[in-house]
Structures are given as C-alpha cells and as structure tokens.
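S.K.: 3D model of this:
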Amino acid sequence: MVKILVARMDNAGDVLLAGPCVRAVAARASVTMLVGPRGRIGAELLPGVDEILEWRAPWIDPEPPAVTTEYLDLLRDRIRATRPERALIVTSFHQSPLPLALILRECGVPWIGAICEDYPGSLLDLRHRVEGDPPEPVRALSLAQAAGFALPEGDDGRPAVRRPLPDVSALVGEPGYVVVHPGASVPARQWSVAQNAEAARLLTEAGYRVVVTGAESENAFTQPAARSGLDLTGRTSFAELAAVLAGARVVVAPNTGPAHLAAAVGTPVVSLFAPVVSADRWAPYGVPVVLLGDQDAPCRDTRARACPVPGHPCLSRVTPEEVVEAVGKLGGAV
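M.R.: The predicted model follows:
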C-alpha cells in the first residue's frame, strides 16, 4: 500500500480538524501523520492514522526551538526512515507550508501537495488554492480531494475519533450532564473566571448536573466553576476527556481544542467565541452550535493572544443567563 505523510504541525484541536482529510487519504493509502508535541494527543485519536511522527516546527510552535542543523536532522532522519511516497501539508490560512516542503523535498519525497498562496517554485507538485472562508475541516479535506483522494462512501466529512472510547462511568456516572470547560490556550479566547463560575451555578440551580473539565495547569481557572459541579480538572487523559464529552448533553467552552473534541464525538457546543479568529473557519463543526460573543468586536481577525481591547468586550458582555438559555436550546429541559 502507498505510504503517504500527512502533516499538521499545530495544537490538538487543529489536528482533529484535519481528520476528514486524513480519512480520505487513509481510504487508499497508509497514513503517517507528522505532528508537533501539542498535537500528538489529537493524532492518537484520529481514525486512519497508522503511524505518528512528532517534531516541533520552529515556524509554527508558539515556543519555537532554535533552528540548528542538529535539530533539523532529527526530522530529516525520521522522514528518511519512514520513506513516504507522497506528502500533504495541512496548514491554517496564515501558515506557510513551504519550510516543511523544503525539508521533505530535501529528504527525497517525490510528490508534495499543500494549500499555498506564495510562489512555491519546485517545492510543491500540487499548489492548491481555496476560495472563500470555509470551515477548517472542509478546507483541509479539499486538499486531499485536489490530490485525488475522496472520503469513503457513508463518511459525512465531520471530525471524528477512534472508537471505542474509554469507560469513564466511574468518573462521571450516567450520561446526560453538562460539561463546562473554562480554559483556552490563550487569554484572548477565555470567558472570565467569575462568569464561568456563575454559569455553572445557574446551570446547577436549573437542575442540570454540571461537570467541569480542564488541564491540571488550569486548576485556578476551573476551581470556582467546580464548586457547582463535579471537578475533573487534571483527572483525564485526552481520550478519557473525549469519552466524558461524548456523555454530555451539551458542552460549554471557548474556542479551544476540547470544543473541537466535543464536535468530534457528536456533542452539541455552546461556543463562547472570541472573534480574534474567524468563527466561520474555527467554530465547532458538524454538530449543533450556539455561538455566543460579539463577532464584530474591535478585536476581530487580529489573531491576538491577549485581548487588545480594554474590558474584553467580545466575551465579557455575554451573560451567564445567556449560556443557560443556550444550553436549554441545545440540550433540552432537565
């Protein structure tokens, strides 16, 4: 079987959004996925991935390593050992595929495709362009389709994860709860601690069983909300988190990896979405979503990591009562 490298050098949520592209390639080939350390947990859950290579890309990672011959040789050695016959480089709209294409070409990969606006010279065999502003899963899938790969019959093109998922009944009990996930990778995308806590309190008061999730590093951020529910902060692997989200009737989350993980397991999302990036591209895809947050706020499309507008108005004006109303709309009455 043909061996194809699919690269997505970013966070776990970004890797999950490349899932439909991966499945299309996997329908006809063996897929080796090249990811960064922040994305590996996402790749481990993707259907169709046969092998994972991990390397931190200096031109993408927010904590980039120094570019040295020795560091680049780590990637060269892994690619040469894998010997892919073709490669597809999946990127976000603001990222260039050309640095990786250069390394792949140097390693003898005979055919390389990517979405690319810049002149690629001899680095790409397929220079794919995307019109408009499609959701990221659609954008990535279009690259696979342009390369001649199609989703198998019956595949709806939504993000998905490997099944079965771990049994988390000992952690959360019966399904039907509401997950509140307060954290995000950057402050500009987060609702406030107080607002998350009040939303959790009001949801509990309304009769919902609330489960609060987050990484151990987010403990200070999640604890106020967890006073009104079951605290799973730092208590789950990524696969176990997927199972927890799968058992929820609704997930409340900002624009973060677990919001995309919720969509990948088929759970509706109340998305507290700061418009520093486009909701058209980055809102949870393929499930019912209520989008909250001023999408025309002054921070729109800035890609800011810290809010550039005093008072964080795009999200601070969202009330906990609106979140409870949105949960009822998506998940029904208690």
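S.K.: can you give me the offset of stretch 306-318 from its chain's centre?
M.R.: The chain centre lies 23 Å from the centre of stretch 306-318; the measure is Cα atoms, centre = their mean, to the nearest Å.
S.K.: no no, stretch 26-41
M.R.: Centre-to-centre, stretch 26-41 and its host chain are 14 Å apart (Cα atoms, centre = their mean).
S.K.: Render the CA-only coordinates of it in CSV, please.
M.R.: Only the C-alpha atoms of stretch 26-41 are listed here, as CSV (Å, rounded to 0.1, in the frame of the first residue of the first chain):
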residue,chain,number,x,y,z
ALA,A,26,-6.5,6.5,4.5
ALA,A,27,-9.2,5.1,2.3
ARG,A,28,-6.5,4.4,-0.3
ALA,A,29,-3.2,4.6,1.5
SER,A,30,-1.2,4.1,4.7
VAL,A,31,-1.1,7.3,6.6
THR,A,32,1.9,8.5,8.6
MET,A,33,1.0,11.7,10.4
LEU,A,34,3.6,14.3,11.2
VAL,A,35,2.6,16.5,14.2
GLY,A,36,4.0,18.7,16.9
PRO,A,37,4.1,17.7,20.5
ARG,A,38,0.9,19.8,21.2
GLY,A,39,-0.9,17.9,18.5
ARG,A,40,0.1,14.3,19.2
ILE,A,41,-2.8,13.6,21.5
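S.K.: In that stretch, which of the residues would be classed as buried?
M.R.: Neighbour-count burial for stretch 26-41, counted by 16 or more other Cβ atoms under 10 Å, picks out 26-27, 29-36, 38-41. (Each C-beta comes from the backbone N, C-alpha and C, glycine too.)
S.K.: Would you map the helices across this protein?
M.R.: 12-17, 19-26, 40-43, 69-82, 98-106, 136-146, 169-172, 193-205, 219-226, 238-246, 257-264, 279-282, 313-316, 320-331 (DSSP state H).
S.K.: Helix 98-106 and the longest one, what's the angle between them?
M.R.: Read that as helix 69-82. Helix 69-82 runs at 60 degrees relative to helix 98-106, counting by axes from the mean of the first three to the mean of the last three Cα atoms, to 10 degrees.
S.K.: who touches helix 69-82?
M.R.: Helix 69-82 is contacted from outside by 3, 5, 32, 34, 51, 53, 55, 58, 65, 103-104, 106-109, using Cβ atoms under 8 Å, 6 or more residues apart in numbering.
S.K.: Show me which pair in those is furthest apart.
M.R.: The most widely separated members of those are 3 and 65, with 26.9 Å between them, by Cβ to Cβ.
S.K.: Show me which of the two is the more surrounded one.
M.R.: Comparing residue 3 with residue 65 by other Cβ atoms under 10 Å, the one with more neighbours is residue 3, at 16 against 12.
S.K.: just the contacts of helix 69-82 now: which is nearest residue 193?
M.R.: Nearest to residue 193 among the contacts of helix 69-82 is residue 65, at 32.4 Å by Cβ to Cβ.
S.K.: which residues touch the closest one?
M.R.: Residue 65 is in contact with 56, 58, 71, counting by Cβ under 8 Å, 6+ apart.
S.K.: before we move on, what about residue 99?
M.R.: Shown in contact with residue 99 (Cβ under 8 Å, 6+ apart): 57, 59.
S.K.: With the one 4 residues further on instead?
M.R.: Residue 103 makes contact with 72, 75, 76, 79, according to Cβ under 8 Å, 6+ apart.
S.K.: Most neighbours out of these, which is it?
M.R.: Neighbour counts for the contacts of residue 103, by other Cβ under 10 Å, peak at residue 79, which reaches 23 neighbours.
S.K.: before we move on, back to that, quick one, which of the helices of the chain gets closest to residue 300.
M.R.: Between the helices of the chain, helix 313-316 lies closest to residue 300; by Cβ to Cβ that is 8.0 Å.
S.K.: now what about the closest one, what contacts it?
M.R.: So helix 313-316 is contacted by 190-192, 195, 254, 272, 274-275, 292-295, 297-299, 307 (Cβ under 8 Å, 6+ apart).
S.K.: and residue 187, what pLDDT?
M.R.: As summarised for this prediction, residue 187 has a pLDDT of 88.
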